[in-house]
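Q: Build the 3D model from these lines:
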Amino acid sequence: MAARLSRRELAQYMASQLAEGNKDVLMQLAAYLIETRRQSEAALLAREIEQALAEHGVLVIDIVSAHDLGQALLDEVTKMAAAPYNAQDIQVRACVDPSLIGGVRIHTPDAEYDGTIR
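A: Numbers count the residues shown, from 1 in each chain. All right, here's what the predicted structure looks like:
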């Protein structure tokens with residue numbers, strides 16, 4: 001049976017491995033969560049891993065908009081959201097939410113801006 005590690009310990013380990021390019025740890029993490037019956041913590045752990053990745057220079061930004069922003073506008077929004085961070089690598093997850101009338105919502109590991117209209 002695997003030793004029980006805290007979410008913080010798992011997140012720090014995962015972030016260091018992912019920052020070094022070791023993608024194999026994702027399967028190991030999934031197996032660990034199943035073995036220790038902690039699948040319900042997956043979303044919280046993912047959030048903590050993103051916070052820990054920011055400490056390793058990897059910034060994950062979620063951008064949700066009412067309509068497709070196009071590459072130029074997406075680049076501008078990404079640049080604005082990443083400005084407060086000293087990230088060498090910026091990963092953007094952009095999606096369109098058809099339930100929105102207008103605007104954009106930006107989520108970084110430690111902040112959220114919601115300028116959407118529903």
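Q: Only C-alpha atoms from now on, for both contacts and neighbour counts.
A: Will do.
Q: Now do the same contact list for Ser16.
A: 53, 56 (Cα atoms under 8 Å, 6 or more residues apart in numbering).
Q: So Val64 sits against Cys95, correct?
A: Yes: counting by Cα atoms under 8 Å, Val64 does reach Cys95; the two are 5.1 Å apart.
Q: Please identify which of these two sits among more neighbours.
A: A count of neighbours by other Cα atoms under 10 Å puts Val64 above the other of Val64 and Cys95, at 22 against 14.
Q: name the element that one belongs to?
A: Per DSSP states H and E, Val64 falls inside strand 58-65.
Q: Which elements pack onto the helix or strand just after that strand?
A: Sequence order places helix 70-82 as the next helix or strand after strand 58-65, per DSSP H and E. Packing partners of helix 70-82 (3 or more Cα pairs under 8 Å, 6 or more residues apart in numbering; DSSP states H and E): strand 58-65.
Q: State the mean pLDDT of the strand it packs on.
A: Strand 58-65 shows a mean pLDDT of 94 in the predicted model.
Q: Could you pull out the strands in this protein for me?
A: 58-65, 89-96, 104-108, 111-114 (DSSP state E).
Q: so can I have TSV of these showing distance to Ala3?
A: As requested, the strands of the chain are exported to TSV (distance: least, Cα to Cα, whole Å):
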stretch	distance to Ala3
strand 58-65	28
strand 89-96	32
strand 104-108	31
strand 111-114	33
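Q: deepest of these, which one?
A: Among those, ranked by average contacts under mean count of other Cα atoms under 10 Å, first place goes to strand 58-65 (a mean of 22).
Q: Okay, angle between it and strand 104-108 too, please.
A: Orientation check (axes from the mean of the first three to the mean of the last three Cα atoms, to 10 degrees): strand 58-65 against strand 104-108 gives 160 degrees.
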